[in-house]
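A.B. asks: whatever this is, show me its structure:
(2 chains)
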2 protein chains.
Amino acid sequence: MANYTAFTAEHAVDYIKKLTESELSSVFTPNAELSAYEFGDGNLNLVFRVTDQHNNSVILKQALPYARCVGESWPLSLDRARIEADVLINHGSLCPEHTVAILHHNAELALTVLEDLGHLQILRGAQINAEQFPKLASHVAQYLSRTGFYNSDFYLSADDKKAKVSQFINPDLCKITEDLFFTDPYIEHERNHFPAELNSSVQHIRNNNALKLAAAKLKARFLSCPQTLLHGDMHSGSIFVDNNTTKMIDPEFGFFGPVGFDIGSFMGNLLLNYCAQNGRIAELAKRRHYQTHLLTCLQDCYSQFEEQWLNLASNETTDVSFANRAFTEDYLKSVLHDAIGYCGAELIRRTIGLAHVADIDGIENEQARLAVQQQTLVLGEQLMLNATSCENKDEFFTLLISLLN
Amino acid sequence: MANYTAFTAEHAVDYIKKLTESELSSVFTPNAELSAYEFGDGNLNLVFRVTDQHNNSVILKQALPYARCVGESWPLSLDRARIEADVLINHGSLCPEHTVAILHHNAELALTVLEDLGHLQILRGAQINAEQFPKLASHVAQYLSRTGFYNSDFYLSADDKKAKVSQFINPDLCKITEDLFFTDPYIEHERNHFPAELNSSVQHIRNNNALKLAAAKLKARFLSCPQTLLHGDMHSGSIFVDNNTTKMIDPEFGFFGPVGFDIGSFMGNLLLNYCAQNGRIAELAKRRHYQTHLLTCLQDCYSQFEEQWLNLASNETTDVSFANRAFTEDYLKSVLHDAIGYCGAELIRRTIGLAHVADIDGIENEQARLAVQQQTLVLGEQLMLNATSCENKDEFFTLLISLLN
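C.D. replies: Okay, here's the model as predicted:
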């Protein structure tokens, strides 16, 4: 990375200009008058929009050699830009409908040029405003079942799978999850933050040995269960949407891990928004209506994910040992257990860990916000504790509804 | 590997001669008069003993680019010699008492020079002769608990673990196990071989959906559960012994896999010998005596393995999430389930798959041999089917005794 330099907007314009006659010729003409601005709200990268005089545009994303939110104190390998590009290529080939298109990658500069999805909304912002997206559930289900299945032992040869596991070894970004998701919330750590009013709830969590055991087991599987190539960061800020379109972005946390992690994270973010609406939508009927939509979205997504995996397994399994309905059902039961557990862990870590969500932190009324945080902690705890007692998705949905009422 | 050439005895002498003034100066003097002969009985390698006029000696082991037993039709990467050397270095640093010492490695020639253990016996031959080794159980327990624990998530940093997982990706040798251990016995395959008299037992196995499900689950964990750096081939032919010494050799199948695989394979080989003695030792009291020794060896080994892992976990766990007795016990319960399952699978595949054991195949009386083979099939099947119903090692031992009576 000897030639690495962090870009300014001018760098971005110059760089894109050179690609207008090659990889970006379908977006820009050679005489394009380009301008650029940086608008990244993430913590790890610079993100530029580069636009011409006809409003054609691309996104130039460049990895920074440290985590921006914690200053330069948490160094991160620039190799994650290579991993993100490789995940986008892999997932893009398996599910182009729901993966942002990658137009160019430069490993030395740790930068990637992507299609501009600026005409879409980021799901988190839209859900904060209680917007509904009728196709979200089925699109996410399709993305996760296709990318999950085709990178699993059901489909890949053992040879190819081992090579891919090695290709996507991602220690720096995994460490962020290992620490922030599974470790910090359950111990005293300076990276945690939460209001003093939550102290007793947090103590309750840290004194709950069964819960800490559940967290440790989820962490152990995150570390040593390379079932498939995950997106690795499936929160509502990684999803662009409108009524007809759903696109996943930012898979720089991608690695081979447990299938249930991505869908658990996604469900966790739906539930964070569900709880947040208790502090956002004052009118009961309106709130119930939107929360019912969120719950339906979660149920539809999980049901379709499972159904599509079963279908793929019936038709596309290459390993004779796994071409067996009973095996697939057993496998999916363990995916369900993982998904419920990771969903619960997401609720807890987004409430008391380092990285919160705007759904909750943006609630202006402090008492309302605290009530939501209490709810996410209890919900997360109960999901983690009861995950493995759910025999099937319907028992999970029943559990969830009982916890939300 | 441009300079690779398969060695003759002359090559071996010339090669060792050049090392007498450097890496092998502690074994040979520069004026050593060396001679060599090849005596490998394995299927994948050439093995030479190189000896001087004072009877000092070393072993020179060279990987062949194909599996010898199936001609040149099953090509194997010579990289396995690098993996074997790396496993010996890793395990040798963690448990030098029970790992053969590596003196030199040449990656290009895929060869390794090892201490000569010719003064010891290979366990399989000794157990065929009903010999007893009072320290075998505790030595194997020590080897597996130390190498297992110190390469697991209990001890390694996530960073270091991921790097090691990548270092030990071993597709060619793993594929042999994936096919021969978990796939072939449960389908019709030309690699299987067994006498026609076993046809109905084999059909019974192939019609047993619960058993095939168990085999598929064990295979899935073999593929996607990198808990620790395994030896990978812990059968009785990989262990040198005398009354005071136990040394593991030949870890070329090493890779990061489920902890239970190695100890399950070892227990499977004890039980293969146990059953074989029904066709070998005519005198009942003598046979019972030796079989009781084997069973005690199995129980002692498993008990000490578990106890030592618990002790290591109490004292040496580096990850705060896993420094928890309940977590360790839960982890070891799943290791037990795996170990019982792999043990059962070893019994079946050594009876009807490609690679048999001399313990059984060497029984001269055909009816006696067939009876033993029937027994190993039923025992293997019952262990695989009941593995996960054992709550702890004592329930496993009870199950085992009930199946052997």
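
A.B. asks: where along the stretch 151-300 of chain A do the strands fall?
C.D. replies: Applying DSSP state E, counting those that start in this stretch to the stretch 151-300 of chain A gives strands spanning A:228-230, A:239-241, A:246-248, A:255-257.

A.B. asks: by contact count, what packs against the third one?
C.D. replies: What it means is strand A:246-248. Packing partners of strand A:246-248 (3 or more C-beta pairs under 8 Å, 6 or more residues apart in numbering or on different chains; DSSP states H and E): helix A:136-150, strand A:239-241. Where you see a C-beta, it was placed from the backbone N, CA and C, and this is true even at glycine.

A.B. asks: what pairs with the last one, parallel or antiparallel?
C.D. replies: When sheet partners are counted by DSSP bridges, strand A:239-241 sits next to strand A:121-122 (antiparallel), strand A:246-248 (antiparallel).

A.B. asks: now these in a markdown table, with mean neighbour count and mean pLDDT?
C.D. replies: Output for the strands paired with strand A:239-241, formatted as a markdown table (neighbours: other C-beta atoms under 10 Å in any protein chain shown; pLDDT from 0 to 100):
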| stretch | mean neighbour count | mean pLDDT |
| --- | --- | --- |
| strand A:121-122 | 17 | 97 |
| strand A:246-248 | 23 | 98 |
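
A.B. asks: out of these, nearest to A:Glu366?
C.D. replies: strand A:121-122 (25.8 Å; C-beta to C-beta).

A.B. asks: where are the low-confidence patches of chain A?
C.D. replies: For chain A, residues meeting the criterion pLDDT under 70 lie at A:1-2, A:42-43, A:67-73.

A.B. asks: can you list the domain ranges for it.
C.D. replies: A:9-115, A:121-404 (automatic domain parsing).

A.B. asks: centre-most residue in chain A?
C.D. replies: With distances taken as C-alpha atoms, centre = their mean, chain A has A:Met234 as the residue nearest its mean C-alpha position (1.1 Å).

A.B. asks: I'd say that residue and A:Gly257 touch.
C.D. replies: No: in this structure, A:Met234 is not within contact of A:Gly257 by C-beta atoms under 8 Å, at 11.6 Å.

A.B. asks: export the helices and strands packed on strand A:246-248 to JSON lines and tack on mean neighbour count?
C.D. replies: Putting those into JSON lines (neighbours: other C-beta atoms under 10 Å in any protein chain shown) gives the following:
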{"stretch": "helix A:136-150", "mean neighbour count": "24"}
{"stretch": "strand A:239-241", "mean neighbour count": "24"}
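
A.B. asks: quick one: name the residues of chain A near chain B.
C.D. replies: Residues of chain A lying close to chain B by C-beta under 8 Å from any C-beta of the partner chain are A:153, A:158-159, A:161-163, A:165-166, A:169-171, A:174-175, A:178, A:182-183, A:186-187, A:209, A:212-213, A:215-217, A:219-220, A:223-227, A:319-322, A:324, A:326-327, A:330-331.

A.B. asks: immediately after the longest helix belonging to chain A, which helix or strand?
C.D. replies: Across chain A, the longest stretch assigned as helix under DSSP state H is helix A:284-316. Proceeding N to C from helix A:284-316, the next assigned helix or strand is helix A:325-352, under DSSP states H and E.

A.B. asks: endpoint to endpoint, stretch A:191-202 covers what distance?
C.D. replies: This stretch, stretch A:191-202, spans 14 Å end to end (C-alpha to C-alpha, to the nearest Å).

A.B. asks: chain center to that stretch: distance?
C.D. replies: Going by C-alpha atoms, centre = their mean, to the nearest Å, the spacing between the C-alpha centre of stretch A:191-202 and its chain's C-alpha centre is 25 Å.

A.B. asks: now distance to B:Leu347 too, for the domains of chain A, in JSON lines please.
C.D. replies: Below are the domains of chain A laid out as JSON lines (distance: least, C-beta to C-beta, whole Å):
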{"stretch": "domain A:9-115", "distance to B:Leu347": "40"}
{"stretch": "domain A:121-404", "distance to B:Leu347": "18"}
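
A.B. asks: most neighbours per residue, which of those?
C.D. replies: domain A:121-404 (a mean of 20; mean count of other C-beta atoms under 10 Å in any protein chain shown).

A.B. asks: which ones are touching A:Gly279?
C.D. replies: By C-beta atoms under 8 Å, 6 or more residues apart in numbering or on different chains, the residues touching A:Gly279 are A:360, A:363, A:365, A:368-369, A:371-372.

A.B. asks: got a list of what the nearest residue to A:Tyr331 once chain neighbours are set aside touches?
C.D. replies: In this structure, A:Tyr331 finds its nearest non-sequential neighbour in B:Ala220, 7.1 Å apart by C-beta to C-beta, 6 or more residues apart in numbering or on different chains. Contact analysis of B:Ala220 by C-beta under 8 Å, 6+ apart lists A:153, A:322, A:327, A:331.

A.B. asks: before we move on, the earlier item: export the contacts of A:Gly279 as CSV, with columns for secondary structure and distance to B:Glu391.
C.D. replies: Output for those, formatted as CSV (DSSP: H, G, I helix; E, B strand; the rest coil; distance: C-beta to C-beta, whole Å):
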residue, secondary structure, distance to B:Glu391
A:Ile360, helix, 42
A:Ile363, coil, 47
A:Asn365, coil, 50
A:Ala368, helix, 47
A:Arg369, helix, 45
A:Ala371, helix, 42
A:Val372, helix, 41
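
A.B. asks: and these, which two are the farthest apart?
C.D. replies: Greatest spatial distance among the contacts of A:Gly279 (C-beta to C-beta): A:Ile360 and A:Asn365, at 11.9 Å.

A.B. asks: save the strands of the stretch 151-300 of chain A as JSON lines, and put in distance to B:Cys95 too.
C.D. replies: Listed next are these as JSON lines, based on distance: least, C-beta to C-beta, whole Å:
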{"stretch": "strand A:228-230", "distance to B:Cys95": "34"}
{"stretch": "strand A:239-241", "distance to B:Cys95": "49"}
{"stretch": "strand A:246-248", "distance to B:Cys95": "46"}
{"stretch": "strand A:255-257", "distance to B:Cys95": "29"}
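
A.B. asks: for B:Arg280, which of those strands is the nearest?
C.D. replies: Nearest to B:Arg280, of all the strands of the stretch 151-300 of chain A, is strand A:255-257, at 46.4 Å by C-beta to C-beta.

A.B. asks: check which helices and strands the closest one sits against.
C.D. replies: When contacts are defined as 3+ C-beta pairs under 8 Å, 6+ apart, strand A:255-257 sits against strand A:228-230.

A.B. asks: residues making contact with the strand it packs on?
C.D. replies: For strand A:228-230, the external contacting residues (C-beta under 8 Å, 6+ apart) are A:87, A:90-91, A:147-149, A:151-152, A:164, A:168, A:253-259, A:261-262.

A.B. asks: name every strand pairing with that strand and say which way it goes.
C.D. replies: strand A:255-257 (antiparallel).

A.B. asks: centre of the chain versus the partner strand, how much separation?
C.D. replies: Remark: strand A:255-257 is offset 13 Å from the chain centroid, using C-alpha atoms, centre = their mean.

A.B. asks: then stretch A:260-279?
C.D. replies: Worked out by C-alpha atoms, centre = their mean, stretch A:260-279 lies 11 Å from the chain centre.

A.B. asks: repeat for stretch A:163-182
C.D. replies: In this view, stretch A:163-182 has its centroid 14 Å away from the chain centroid, taken as C-alpha atoms, centre = their mean.
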